[in-house]
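J.: My questions are about this predicted structure, shown below with the sequence.
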Amino acid sequence: MLSKYDVVGLQEVDGGSFRSSRVNQVEYLAAKAGFPHHVQQLNRNLGRIAQHSNGLLSRLVPSQVEEHRLPGAMPGRGAIHARFGEGPDALHIFVAHLALSHRGRVRQLNYLSEIIQPLRHVVVMGDLNCTPDQLHAHERFSASLPLHPVKPLLSYPSWQPRHALDHILLSQSLEAAEVRVLDHLFSDHLPIAVDLPLPEACLAAIRSSV
């Protein structure tokens, strides 16, 4: 399934512990699906028991990758920021896993807003643990990244989806051709996919850095 996509964001993957039979799931999925580039962000390290991580798989060559530790009362939440290309038309992809608590999410969305605000072509994807309405209510984040697409996609729980907690959010410069939930029961959340034609200026910025 993953091999059909150019970029994949992962949450709650394990870095190689008892929880995953000592398999680094980011490395395993990258190898099995033929992704030449991958990033694992270890956010909650419980040693041999569990290594909770975010992951990014990509067929594109990232120009820069930054790992952000998101603020919160309990450590263990993070975001990967991958830049593809150089200059103002570079593509910026964030893979994030936000807190369960409202207060924690507000702090984390404030943090991400500061990073996103000056950027032009932005994709934020991940388990944001809140509904589209709750994202809209966060004025600072909505101002930094006007929410688009706004179509609610029910993804949780995977066996009987009733809540839209997982999102792919786009800056105004990007227009999704199609957004859909995939019917694959790999976890308690269903995956979400988007077909995203990129503006020519963005494509040129990516090509110039390869």
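T.: Received it, and whenever you're ready, just let me know what you need. Numbers count the residues shown, from 1 in each chain.
J.: secondary structure element for V122?
T.: Assigned by DSSP states H and E, V122 belongs to strand 121-127.
J.: and the helix or strand following that strand, how far from the chain's centre?
T.: As assigned by DSSP H and E, the chain's next helix or strand after strand 121-127 is helix 132-137. The chain centre lies 17 Å from the centre of helix 132-137; the measure is C-alpha atoms, centre = their mean, to the nearest Å.
J.: which is the next helix or strand following helix 132-137?
T.: helix 139-144.
J.: How far does that following helix sit from its chain's centre?
T.: Using C-alpha atoms, centre = their mean, the offset of helix 139-144 from its chain centre is 18 Å.
J.: which residues of the protein score low on pLDDT?
T.: Low-confidence segments of the chain (pLDDT under 70): 149-151, 210.
J.: one more time with 80
T.: For the chain, the stretches with pLDDT under 80 are 1, 146-152, 209-210.
J.: Partner strands of the strand holding V122 and their direction?
T.: According to DSSP bridges, strand 121-127 forms sheet pairs with strand 91-97 (parallel), strand 166-170 (antiparallel).
J.: Please work out which of those is packed deepest.
T.: Comparing the strands paired with strand 121-127 by mean neighbour count (mean count of other C-beta atoms under 10 Å), strand 91-97 ranks first with a mean of 24. Heads up, the C-betas are built off the backbone N, CA and C, glycines and all.
J.: which stretches of this structure form helices?
T.: Using DSSP state H, the helices of the chain run over residues 25-33, 102-116, 132-137, 139-144, 200-208.
J.: Need those helices in CSV (columns: mean neighbour count and distance to Q40).
T.: As requested, the helices of the chain are exported to CSV (neighbours: other C-beta atoms under 10 Å; distance: least, C-beta to C-beta, whole Å):
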stretch, mean neighbour count, distance to Q40
helix 25-33, 17, 4
helix 102-116, 18, 20
helix 132-137, 15, 26
helix 139-144, 16, 26
helix 200-208, 16, 23
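J.: and of those, who's closest to H167?
T.: Relative to H167, the nearest member of the helices of the chain by C-beta to C-beta is helix 132-137, separated by 7.2 Å.
J.: what about the residue nearest the centre of the chain, distance to A137?
T.: Among the residues of the chain, V95 comes closest to the average C-alpha position under C-alpha atoms, centre = their mean, at 2.3 Å. Noted for V95: a distance of 23 Å to A137, by C-beta to C-beta, to the nearest Å.
J.: Please apply the same query to L182.
T.: Distance from L182 to A137, by C-beta to C-beta: 28 Å.
J.: one step back: now render the helices of the chain as TSV, adding distance to Y156.
T.: Shown next, in TSV, are those (distance: least, C-beta to C-beta, whole Å):
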stretch	distance to Y156
helix 25-33	20
helix 102-116	15
helix 132-137	13
helix 139-144	20
helix 200-208	31
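J.: Of the ones you listed, which is nearest I192?
T.: Between I192 and the helices of the chain, the tightest spacing by C-beta to C-beta is seen for helix 132-137, at 12.5 Å.
J.: Which elements pack onto that closest one?
T.: helix 102-116, helix 139-144, strand 166-170 (3 or more C-beta pairs under 8 Å, 6 or more residues apart in numbering; DSSP states H and E).
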